[in-house]
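**Q** Just need the structure, nothing else, for what follows:
(one chain, ligands or ions: 1)
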Amino acid sequence: MAAIRNVAVLVGSLRKASLNRKMANSLAGLAEAELQLNVVEIGDLPFYNEDVEADGPPQTWTTFRTAIAAADAVLFITPEYNRSVPAALKNALDVGSRPYGQSVWNGKPGVVISVSPGAIGGFGANHHLRQSLVFLNVPAMPQPEAYVGGAGTLFDESGQLANEGTRRFLETFLKAFAAWIETIRPS
Ligand code: FNR
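**A** Now for the predicted structure:
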């Protein structure tokens, strides 16, 4: 039997009532036998600046890099901002990618879920993110894809996923991700 994998979860929205955060919380119990999902916070990371790096990186950058380096894989859950990825999430990618030659993303299996109240489920953000992942050498699971649209009606008042069809899809999705991690990094 494959080992349980430690998966860093990055949530692209910073707001308290975030649908993407609700999605992250709802996933926690769906694949316990295979994946341990741990949210790594990105909201307090200062904007990436090479001058700041040269002066000595802030503790928040170091803590973030250490958490990603320790993870077996990365799950990105992102809203779409103006057909792209929110700045906070792009900044987290940039922080993890430096200093040059020491990227914590290199070779780490990844997967993307985009979540939007809109009909096309954050397709633009999902694919802009995948573009950066190609450069960062994060092998992102190609299939199944997860564009979660109409997300405003998927969660109950306690923030848990209340839609059975979506829940089943996400279970299948996470199992596929566990298999993808095993393919990229056999245990
Ligand atoms: C949005 N929203 C949005 N939605 C979408 O489907 N495509 C888009 O391009 C955008 N653009 C956009 C830009 C900005 C600056 C904001 C603040 C919002 C709406 C967005 O999907 C909605 O606010 C979600 O609820 C954001 O995700 P969280 O915060 O609920 O996780």
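**Q** got the residues of the chain near the ligand?
**A** Contacts of the chain with the ligand, taken as CB under 6 Å from any ligand atom, map to 13, 15, 18-20, 79-83, 116-118, 122. Placement of C-beta: from N, CA and C, glycine included.
**Q** Show me which of those residues are buried.
**A** 13, 18-20, 79-81, 116, 122 (16 or more other CB atoms under 10 Å).
**Q** Tell me how many other residues crowd Leu161.
**A** Neighbours of Leu161 under the rule other CB atoms under 10 Å: 20.
**Q** what's the spacing between Gly56 and the ligand?
**A** From Gly56 across to the ligand, the span is 32 Å (CB to the nearest ligand atom, to the nearest Å).
**Q** hang on, I meant Leu89
**A** Where the ligand is concerned, Leu89 sits at a distance of 11 Å (CB to the nearest ligand atom).
**Q** and the helix or strand where that residue lies, how far from the chain's centre?
**A** Applying DSSP states H and E as the criterion places Leu89 in helix 87-97. Centroid separation for helix 87-97 versus its chain: 12 Å, with CA atoms, centre = their mean, to the nearest Å.
**Q** again with stretch 171-178
**A** Distance of stretch 171-178 from its chain centroid, counting by CA atoms, centre = their mean, is 14 Å.
**Q** Pull out the buried positions in it.
**A** For stretch 171-178, a neighbour-count test (16+ other CB under 10 Å) marks 173-174, 177-178 as buried.
**Q** pLDDT on the helix or strand following the helix holding Leu89, on average?
**A** Once helix 87-97 ends, the next helix or strand along the chain (criterion: DSSP H and E) is strand 110-115. Strand 110-115 carries an average pLDDT of 98.
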